[in-house]
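In: model this:
(one chain, ligands or ions: 1)
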Amino acid sequence: MVNERLHKSLDRREVLAGIVEGVRGAFGADRCIVYERAGAGTRAQVVAQAARGGTPVASAIELDGDLRKVFGGLTLRRERLPARAAAYGEGARSAVAIPFIVDGRVEDAMLLSFNEPHSLDDADVSVLGVLAFHVGLALSNTRLYERERARRRQAETLERVVRILRDTQYVDEVLLVFVVTVSHELPVDCVAYALEDGVLERRAVRAREASSFMPDNTLPREPLEAFLGLDEPSDAELLPEPARRALFGDAGGVLVPLRLEGRLWGAFAVRGSDESIDWPPVERSTFFRTLGSHLEIALTNAHAYERELRRAQERETLAEAARTILSHTSLQPLAEVMCRFAAALVHAERTCVLRWTDDRYEKVAAYGDGIDETLAACGFDLTLRAQRGGAAVTDERRVQRLIDGPGFVVIPLSRTASDISGDTIDAFLVVGSNRAVRFARDDLRLLQELGALLALALRNFELYEAMQRANGALQESNEFKDDLLAMLAHDFKGPLTVILGYCELLMENGTPVAEVDTIFAQTNRLVRLSEDALVLAQTQSEGFSLARARIDLCAFVTQCVSTASRGNPRVTLELPPDPISVDLDANRFRHVLDNLVGNALKYSEGPVHIALRSVGEQAEIEVQDRGIGIPQEELPALFTRFGRASNARRRGIAGSGVGLYISKKIVDAHRGGVSVRSIEHEGSTFTVTLPLAKA
Ligand code: ADP
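Out: I've put the predicted structure just below:
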């Protein structure tokens, strides 16, 4: 009957509860009690009991010498019991206790007690032994089953934790999600620590509702050193005080170290009674180590994500700094902005751009309070005045590399060749922080990148200033030249006109012709030259402007041609029937026609034909001669300053090579064009186009 019951259940307590009444009855005992070992093994508590008439038994007992032997695997027979032995029940006079041996260990023992002072005989005891063997087998089965169930639960827990961790991004998020999930999945409190400056800082904690557990904010690393050095989770009992108390209070639990990239990163602890995670120690350790590995993977990912995020932000800041440089043309405001960038980039409290000016250091710009103290800590002496080249120039000026110390860093910016000993750094970016530790390597890298930008800006400003100075000097000399040219051209014309007047008078009065003719012709040339020079000076100077008015081009050309040809019979003019309206600066444009007609007469001896017509949106003036022509390859050069054709030079025809250059400038200013077609020895045709006036 007992055997039947044994196979009905897979739950240990149920199995035990199922047999006590049957056994008691079968052996005529007054009580049948099954105890299980509790705590460190010095106590036992009742798992199942049956009593004749329901006599109660204490729920937990101290294991005395005899009962301890039962839990060691021996069967006990007592004919006479000591008075009031709590373990045997009120009124018990004799007893038999028998262990249930499961996998070589005794966790439970059965006690039969009798109110009579006699016990079972040997045959009964051996039957009891066989029974205990069967119970042991049944318990072993329930244990296997329970272990299996626990494993499944562990696997499910792991799977859920991993799934939830997969959706996290940031380190703090990972830790929080982890402690919340773990304490939800297992009946435990969970707390996560990160190692910072040699101390374990609490980063996330989750306690079960009923528990008011709140572990310490920080844990000294030292007492835990030996445990954190291990890869294995460690049980609470093994941890040294006071770390054990700080982490677990009165409860038990497990501390699991976390390693990232081979270095200790932090730890997590779960806190709960032994029953809450009552797996065999090996399984417990494996489970928490696996849990720890998953947390480590999630943390590694989160770190990579945060690093990438930070990089992106830094890149954005540096790009903005670079853009800022482009939008500044003077140093001081730029230096101020860069100081703020530097502080933001490395979370520093104060920054400064320092520059050596002639004989001392000067702050170009500064950000934050207390920069002078930082400068002093870096070894800069702002009160120092030195003589260039003198021995008093301090050593710091020669610092070529970055220097840093607790709470400060100096980034060298620009370099000038010094008169004392090779290169000297002239400007620095100084960064100070309230934290008395050195800046991290990443921070130094960022500051160096920013420094490189700033150095570039400094160099640009220097070049810009040098260019401005050079430009100023050039401008001045140019203006002087223009003024001189204009002055000469203008002042020449006056006396020349007087000479011309007298020549004409002499010629009218019949004075010997040849000499006067020569004086007249040469003076005319001088007048032309001085006019060209004047227009040239005007077109060169800035702000060459036109005073345009709407005119009829037919009338204008007729007038110009007549002045230029002075009634020369070689010249013929062809006009369209209708007027042609254009917007012209007549005074300047006259110069163009004068020059083209003059050239045609000068470089030919045959007829010169001038034609005016309108073609589409444009007016076209053509000046055609049958003269010496121009070599094809030299045509483009004619419109440049002082450009002359080789055949004109060879023939010794006087000319300066500025007339066409000026003409082109004037035509261009009217948004027109001038071109030439020519065949050497046959003649040339110059064509000027002008936009027609809009209605
Ligand atoms: P200049 O006539 O004073 O030399 P221009 O600028 O007016 O200066 O002309 C530049 C050159 O173009 C002349 O020196 C000459 O070689 C050539 N040139 C200009 N017009 C003619 C032309 N009608 N026939 C031949 N060559 C010409």
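In: Quick check: buried residues in stretch 286-301?
Out: Burial within stretch 286-301, assessed by neighbour count using 16 or more other Cβ atoms under 10 Å, is assigned to 287-288, 291-296, 298-299, 301. (Each C-beta comes from the backbone N, C-alpha and C, glycine too.)
In: Pipe those residues into JSON lines and attach secondary structure per row.
Out: Supplementary listing: the buried residues of stretch 286-301 in JSON lines, determined by DSSP: H, G, I helix; E, B strand; the rest coil:
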{"residue": "F287", "secondary structure": "helix"}
{"residue": "F288", "secondary structure": "helix"}
{"residue": "L291", "secondary structure": "helix"}
{"residue": "G292", "secondary structure": "helix"}
{"residue": "S293", "secondary structure": "helix"}
{"residue": "H294", "secondary structure": "helix"}
{"residue": "L295", "secondary structure": "helix"}
{"residue": "E296", "secondary structure": "helix"}
{"residue": "A298", "secondary structure": "helix"}
{"residue": "L299", "secondary structure": "helix"}
{"residue": "N301", "secondary structure": "helix"}
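In: Within its sheet, name the partner strands of whichever strand or helix holds V96 and how each one runs.
Out: Assigned by DSSP states H and E, V96 belongs to strand 94-102. With DSSP bridges as the test, strand 94-102 is paired with strand 76-78 (antiparallel), strand 105-114 (antiparallel).
In: With respect to the ligand, which of the ones you listed lies nearest?
Out: Go through the strands paired with strand 94-102 one by one with Cβ to the nearest ligand atom and the one that ends up closest to the ligand is strand 105-114, at 120.6 Å.
In: and that closest one, which residues are buried?
Out: Within strand 105-114, the residues that count as buried by 16+ other Cβ under 10 Å are 106-114.
In: Turn the strands paired with strand 94-102 into JSON lines, columns for distance to the ligand and mean pLDDT.
Out: As requested, the strands paired with strand 94-102 are arranged in JSON lines below (distance: least, Cβ to the nearest ligand atom, whole Å; pLDDT from 0 to 100):
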{"stretch": "strand 76-78", "distance to the ligand": "137", "mean pLDDT": "86"}
{"stretch": "strand 105-114", "distance to the ligand": "121", "mean pLDDT": "89"}
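In: Could you export those strands as CSV, including distance to A547?
Out: Compiled in CSV, those are given as follows (distance: least, Cβ to Cβ, whole Å):
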stretch, distance to A547
strand 76-78, 134
strand 105-114, 118
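In: Out of those strands, the one nearest V47 is which?
Out: Shortest distance between V47 and the strands paired with strand 94-102, using Cβ to Cβ, is found for strand 105-114: 6.4 Å.
In: starting at the chain centroid, how far to the strand holding V96?
Out: The chain centroid and the centroid of strand 94-102 are separated by 73 Å under Cα atoms, centre = their mean, to the nearest Å.
In: likewise stretch 523-532?
Out: Centre-to-centre, stretch 523-532 and its host chain are 69 Å apart (Cα atoms, centre = their mean).
In: What are the buried residues along it?
Out: Residues of stretch 523-532 classed as buried by neighbour count (16+ other Cβ under 10 Å): 523, 526-532.
In: near the ligand too, which of these?
Out: When those are filtered against the ligand using Cβ under 6 Å from any ligand atom, no residues are retained.
In: Spit out the contact partners of the closest residue to A60 other than its chain neighbours.
Out: Residue nearest to A60 in three dimensions, not counting chain neighbours: Q45, with 4.1 Å by Cβ to Cβ, 6 or more residues apart in numbering. Contacts were defined as Cβ atoms under 8 Å, 6 or more residues apart in numbering; by that measure Q45 touches 35-36, 38, 59-61.
In: at 7 Å instead, please
Out: For Q45, the contacting residues are 35-36, 38, 59-60, taking Cβ atoms under 7 Å, 6 or more residues apart in numbering as the criterion.
In: R340 now?
Out: With Cβ under 7 Å, 6+ apart as the criterion, the residues that contact R340 are Y367.
In: pLDDT score for it?
Out: Here the pLDDT value assigned to R340 is 91.
In: Likewise for the one 3 residues further on?
Out: With respect to pLDDT, A343 has a value of 91.
In: Near the ligand, which residues of the chain? Just list them.
Out: Applying the criterion Cβ under 6 Å from any ligand atom, the portion of the chain that neighbours the ligand consists of 595, 599-600, 603, 625, 627-630, 638, 643-645, 648, 655-661, 684.
In: Could you give me the PyMOL syntax to select whichever of these are buried?
Out: Buried members of these, defined by 16+ other Cβ under 10 Å, are picked up in PyMOL with:
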select buried, resi 595+599+600+603+625+627+628+629+630+638+644+645+648+655+657+658+659+660+661+684
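In: Which parts of whichever helix or strand L593 is part of count as buried, going by neighbours?
Out: Secondary-structure element containing L593, defined by DSSP H and E: helix 586-602. Going by neighbour count (16+ other Cβ under 10 Å), the buried part of helix 586-602 is 588-602.
In: need the strands for the stretch 301-450 of the chain, in chain order.
Out: Assigned strands in the stretch 301-450 of the chain, in chain order: 350-357, 360-367, 403-405, 408-417, 423-432 (criterion: DSSP state E, counting those that start in this stretch).
In: Could you list the low-pLDDT ranges of the stretch 401-550 of the chain?
Out: In the prediction, the stretch 401-550 of the chain carries residues with pLDDT under 70 at positions 415-424, 540-544.
In: How about the stretch 201-350 of the chain: which residue is closest to the ligand?
Out: For the stretch 201-350 of the chain, Cβ to the nearest ligand atom, closest residue to the ligand: T329, 42.0 Å.
In: Report the secondary structure state of the closest residue to that residue other than its chain neighbours.
Out: On the basis of Cβ to Cβ, 6+ apart, the spatially nearest residue to T329 that is not a chain neighbour turns out to be Y464, at 7.0 Å. Three-state secondary structure (criterion: three-state DSSP) places Y464 in helix.
In: gap between Y464 and V527?
Out: 46 Å (Cβ to Cβ, to the nearest Å).
In: now swap in A123 and tell me
Out: As defined by Cβ to Cβ, A123 lies at a distance of 159 Å from V527.
In: same question, S293
Out: With distances taken as Cβ to Cβ, S293 is found 102 Å from V527.
In: cool, R37 as well?
Out: Here R37 is placed at a distance of 133 Å from V527 (Cβ to Cβ).
In: Assign the residue in the chain sticking out farthest from the centre to helix, strand or coil.
Out: Checked against the mean C-alpha position of the chain, the extreme residue using Cα atoms, centre = their mean is G510, at a distance of 94.1 Å. Counting by three-state DSSP, the backbone at G510 sits in coil.
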